[in-house]
Every structure is written in structure tokens, then in C-alpha cells.
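Student: Any chance you can model this:
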Amino acid sequence: MVAKRFYWWTTFFLFLALAGYLGAVGAGNGFSSASFFWGVGLVGLFVLILAISRRPTPPAALDTNLSSHQLRLQLAELIREKEQLEAILSGLDEAVLALDQEGRVLLANRAVKELFDIAPEEARGKAVLEVVRDHRLEELVGRVRDTGTPTEQELTFLSPQPRIFVVRASPLPPDKVVVVLREVTRERRLERMRREFVANVSHELRTPLTAIKGFVEALEDGALEDRETAQEFLQIIASETERLIHLVEDLLKLSRLENRQTFLRRQEVNLNELIHNIALVWRRRAEEKGLAFEVDLPPGLPLVLGDPELLTQVFVNLIDNALKYTPVGRVRIRGEYQSGWVRIEVEDTGIGIPQDCLPRVFERFFRVDRARSRASGGTGLGLSIVKHIVELHGGKVGVESELGKGSRFWVYLPSPQP
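Tutor: I've put the predicted structure just below:
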């Protein structure tokens with residue numbers, strides 16, 4: 001009805017305007033009744049259009065507009081929440097996989113790429129076994145889906161090196177599963193080293209203490225009456241006591257180095273001079289074992305910035321280690337300058353180190369041959385101390401060895417001089 005009235009009024013005012021326009025054209029520029037009808041027609045159309053534009057919107061239209069606005073707001077909120085979720089997932093160090101009822105990946109985060117070398121977009125749609133190639137994970141996912149019970153399990157994956165993960169799988173009703181994988185390889189290695197350290201310290205302390213206790217009891221039981229025997233026992237007690245003192249000193253020194261509590265008194269150090277001074281003492285010990293002792297350092301070796309006392313400890317430990325495990329032949333110290341680094345190496349013709357032991361020689365208390373090491377009086381901490389001191393100076397340390405032919409320990413120290 002409203003539309004019909006609008007149609008008739010629009011026709012009427014258009015007729016007035018058209019008639020007035022034609023009359024005005026015929027009468028020229030002067031005022032006439034035609035001009036009047038032209039004006040009335042235009043004004044009527046304007047008023048009609050204004051009235052229509054200001055009519056209240058029907059309730060149904062209002063509801064439609066409001067629903068559309070609310071929908072846009074809800075959609076924008078969902079987009080924001082999705083972006084926040086993606087930002088959170090991408091910031092996690094743990095790998096996150098959301099799996100559908102068939103065990104295929106619906107969602108994967110950035111850590112999946114870092115831990116399992118497959119991009120999140122590539123992982124989507126793949127079976128979980130294609131992402132993490134271990135049937136135990138697939139079985140864990142199936143068990144959680146069937147029981148609806150969250151499960152946590154520690155798994156070791158070969159990829160290609162053994163890597164340990166704590167895996168937590170949780171049901172996502174009605175039939176999906178979320179899997180979170182956190183790598184704990186380093187933590188487990190540190191825990192193992194801590195347990196080994198405690199066991200080694202206990203053993204290293206118990207051995208000399210047991211010997212001391214035994215000889216003291218022997219003296220109390222009458223060995224003191226035999227002066228020669230008593231003197232021998234007292235020498236053993238003194239030797240074991242000295243060994244305990246060295247062990248405690250090395251433990252304290254290593255603890256300070258590991259906790260960065262050692263203050264470096266940096267100054268320019270002439271390694272040529274420092275090593276030759278060390279050689280004066282150790283050459284005599286080498287000759288006592290029938291070993292040749294050589295120092296081959298170029299006279300123009302650049303200075304390094306470092307703590308002379310700590311650097312002395314480095315080379316004393318390396319030379320001492322070489323002499324202990326070289327029954328015949330020689331020990332040689334060489335040096336050279338290489339593009340901003342001074343390289344010093346201590347080479348021997350000793351028993352050598354098996355290849356599988358090389359990665360661990362700088363660990364605390366690690367010994368290739370425990371019986372030989374204990375007989376030589378070492379604490380098992382010397383090479384670990386070397387490593388920490390060198391790294392504290394910004395340097396690098398390493399070893400090359402061939403079983404039965406000898407070893408070469410090398411140290412790189414940064415030099416500010418060309």
C-alpha cells in the first residue's frame with residue numbers, strides 16, 4: 001500500500017514538473033504559471049524523497065542489520081583468538097600436534113619443524129607416524145583415544161641420534177587427541193652426569209680414607225713397634241692424605257670455574273716465556289721416566305690476553321697428563337699463530353685413547369683406564385679444569401688420538417695481535 005501511494009505521488013509531481021518545464025521554455029525567462037508548476041513539481045519531489053528517507057526502518061530490517069553486525073563482531077573476535085592461539089603455539093619450545101579420529105595431523109606448531117624436520121603445513125593431513133617415525137607414539141595416541149584418559153610417557157626416538165622426549169597425549173572430545181612432545185635429552189644427560197659425579201666423588205674419597213683408616217688401625221695394633229714398618233705405613237698415610245687434599249682442591253677449583261666465580265686477572269701473556277718456565281720443571285720429570293721432552297715454539301708468537309696463573313694450570317695439567325700415559329718415547333709442545341688465534345698443542349707417543357672415548361675425555365672423573373689413572377695419582381678432574389679455563393678465556397680445546405700411538409691435545413687462545 002505504501003509503495004502504491006509513493007508511486008502515484010511521484011507520478012503526479014513528475015507531471016507537474018514536466019508541464020512547468022515545457023511551459024517555461026515556451027514563455028522564455030519571464031514568470032508564468034508554467035514556471036510555477038515547474039517549481040511546485042520539483043519541491044514536491046524533494047519533500048517526498050526526504051520523507052521517504054526519514055521513515056523509520058521496519059523492525060525486520062533492524063533485526064537483520066543487528067544480526068549482521070553481531071556476526072561481524074563475533075567473526076572478528078574468532079579471528080583474533082585464532083591469531084592469539086597461533087602466536088602462543090609458535091612461541092612454544094614443545095612440539096604440539098592435534099590429531100583427528102584417524103590419527104592424522106589437523107594442526108602442528110613451529111617446534112615440529114625444529115624437532116622433527118617437517119614444516120607445520122607439510123605435516124597437516126599426514127599420519128602421526130609420518131611425522132614422528134616411532135610406533136610407540138602411534139600406540140600411545142590410540143590408547144588415549146580409546147580410553148579417554150590423558151597419558152604421559154617418556155620415549156627415546158632415534159632421529160638419527162637418540163633423543164629423549166616426555167610425551168603427553170590428551171583426549172579432545174569427541175574423538176580427537178592433542179599431543180605435546182618436550183625434548184629432555186640435555187636434562188637427562190645432566191642428571192646422569194650428576195649421578196656419576198656423586199658416585200665418583202664418593203668413590204674417590206672412600207678409597208684414600210679406607211687406606212688411611214686401615215694403616216692407622218695397623219699402627220694401633222702394634223705396627224708402631226717395628227720402626228721400619230711404621231715408617232712405611234706413615235708414608236702411605238701421608239701420600240693418601242696428599243691425594244685427598246689434591247682432590248678437594250680440584251673439586252673447589254672446578255666448582256668455581258663452572259659457576260663463573262673465578263675472577264680473571266687479564267693481562268698480556270707471553271706464552272713462549274710461560275711455557276718455557278713450565279718446561280724447566282717438567283723436563284726433569286720426563287727425563288726421570290726416560291722420556292724426551294721437546295718445546296718447539298716460534299720466537300715471534302703473539303701475546304694473548306689472559307690470567308697467567310690459570311693458563312699455567314692449563315699447560316701443567318696437559319703436560320702432566322701426557323707424562324702419565326706415555327711409558328716410552330717423547331712429549332712435545334708446539335705452537336703457531338692462525339688468523340687471530342694462538343694454537344698450542346701437547347703431543348705424546350703414549351698409549352692413546354679409543355675413538356669412542358674421545359668425546360668424553362673432558363668430562364669430570366672420566367677415565368679411559370681407571371686402574372692406571374688411580375695408580376698414577378690423578379684425580380680425574382685435570383682435563384675438565386683445562387676445558388673450563390680455556391673456555392673462560394674465550395678459547396677452544398680439543399684432542400686427537402690413535403690407540404697405541406699417542407695423543408695430541410690442542411688449545412686455541414684468541415690473540416689481539418696480528
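Student: In space, what's closest to L297 - neighbours in sequence excluded?
Tutor: Excluding its sequence neighbours, the residue lying closest to L297 (CB to CB, 6 or more residues apart in numbering) is G335, at 4.4 Å. To be clear about C-beta, it is placed using only N, CA and C from the backbone, and glycine gets the same treatment.
Student: so which helix or strand takes in the one you found?
Tutor: Element membership of G335, judged by DSSP states H and E, is strand 330-338.
Student: Quick one: neighbours of F315, just the number.
Tutor: When neighbours are defined as other CB atoms under 10 Å, F315 has 22 of them.
Student: again with V390
Tutor: 21.
Student: Is it within a helix or a strand, and which one?
Tutor: For V390, the host element (DSSP H and E) is helix 382-392.
Student: and after that helix, which helix or strand comes next?
Tutor: Taking DSSP H and E, what comes next after helix 382-392 is strand 396-402.
Student: taking the mean pLDDT, what do you get for the following helix or strand past that next one?
Tutor: Using DSSP H and E, the next helix or strand after strand 396-402 towards the C-terminus is strand 406-414. Strand 406-414 shows a mean pLDDT of 96.
Student: May I see the buried residues of strand 406-414?
Tutor: By neighbour count on 16 or more other CB atoms under 10 Å, the buried set for strand 406-414 is G406, S407, R408, F409, W410, V411, Y412, L413.
Student: With stretch 218-235 instead?
Tutor: In stretch 218-235, counting by 16+ other CB under 10 Å, buried: L219, A223, A230, F233.
Student: got the residues you listed as CSV, with secondary structure and distance to L291 columns?
Tutor: Shown next, in CSV, are these (DSSP: H, G, I helix; E, B strand; the rest coil; distance: CB to CB, whole Å):
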residue, secondary structure, distance to L291
L219, helix, 37
A223, helix, 37
A230, helix, 35
F233, helix, 32
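Student: Make JSON lines out of these and add distance to A199.
Tutor: Shown next, in JSON lines, are the buried residues of stretch 218-235 (distance: CB to CB, whole Å):
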{"residue": "L219", "distance to A199": "31"}
{"residue": "A223", "distance to A199": "33"}
{"residue": "A230", "distance to A199": "35"}
{"residue": "F233", "distance to A199": "29"}
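Student: Out of those, which comes closest to D100?
Tutor: The shortest approach to D100 among those belongs to F233, at 76.8 Å (CB to CB).
Student: Which residues are in contact with the closest one?
Tutor: By CB atoms under 8 Å, 6 or more residues apart in numbering, the contact list for F233 reads F215, A218, L219, A223.
Student: Okay, and the beta partners of L172?
Tutor: Beta-bridge partners for L172, by DSSP bridges, are K176.
Student: correct me, but it touches A98?
Tutor: Yes: using CB atoms under 8 Å, L172 is in contact with A98, at 7.0 Å.
Student: Can you check which residues contact both of those two?
Tutor: Contact criterion CB under 8 Å, 6+ apart; residues bridging L172 and A98 by contacting each: V178.
Student: ok, back up a step: what's the average pLDDT for the helix or strand just after the strand holding G335?
Tutor: Counting by DSSP H and E, the next helix or strand C-terminal to strand 330-338 is strand 341-348. Over the span of strand 341-348, the pLDDT mean works out to 96.
Student: Show me what strand 341-348 is packed up against.
Tutor: helix 271-288, helix 308-324, strand 330-338, strand 406-414 (3 or more CB pairs under 8 Å, 6 or more residues apart in numbering; DSSP states H and E).
Student: what does the second one contact?
Tutor: Translated: helix 308-324. With CB under 8 Å, 6+ apart as the test, helix 308-324 has contacts from 262, 264-265, 267, 269, 271, 274-275, 278, 282, 285-286, 289, 291, 304, 331, 333, 344, 346-348, 350, 373, 376, 378, 382-383, 385-386, 389-390, 392-393, 407, 409, 411, 413.
Student: can you pull the buried residues of stretch 239-254?
Tutor: Using 16+ other CB under 10 Å as the test for burial, stretch 239-254 gives E240, R243, L244, L247, D250, L251, K253, L254.
Student: right, and the fifth one touches T379 too?
Tutor: This means D250. Yes: with contacts counted by CB under 8 Å, D250 reaches T379, the gap being 4.8 Å.
Student: mind listing the helices for this protein?
Tutor: 2-27, 33-53, 59-91, 110-116, 120-123, 128-131, 135-147, 185-220, 227-258, 271-288, 308-324, 370-376, 382-392 (DSSP state H).
Student: For R206, give its distance to E240.
Tutor: Applying CB to CB, to the nearest Å, the value for R206 to E240 is 11 Å.
Student: wait, what's in contact with S159?
Tutor: Contacts of S159 by CB under 8 Å, 6+ apart are F116, R133.
Student: Next up, phi/psi of it, please.
Tutor: phi -150, psi 60 (degrees, to the nearest 10).
Student: Next one: it relative to D134, how far apart?
Tutor: Distance from S159 to D134, by CB to CB: 9 Å.
Student: Over to V216?
Tutor: 57 Å.
Student: Pick out whichever of those two has more residues nearby.
Tutor: D134 (17 against 14).
Student: That one contacts F157, doesn't it?
Tutor: Yes: between D134 and F157 there is a contact under CB under 8 Å: 5.3 Å.
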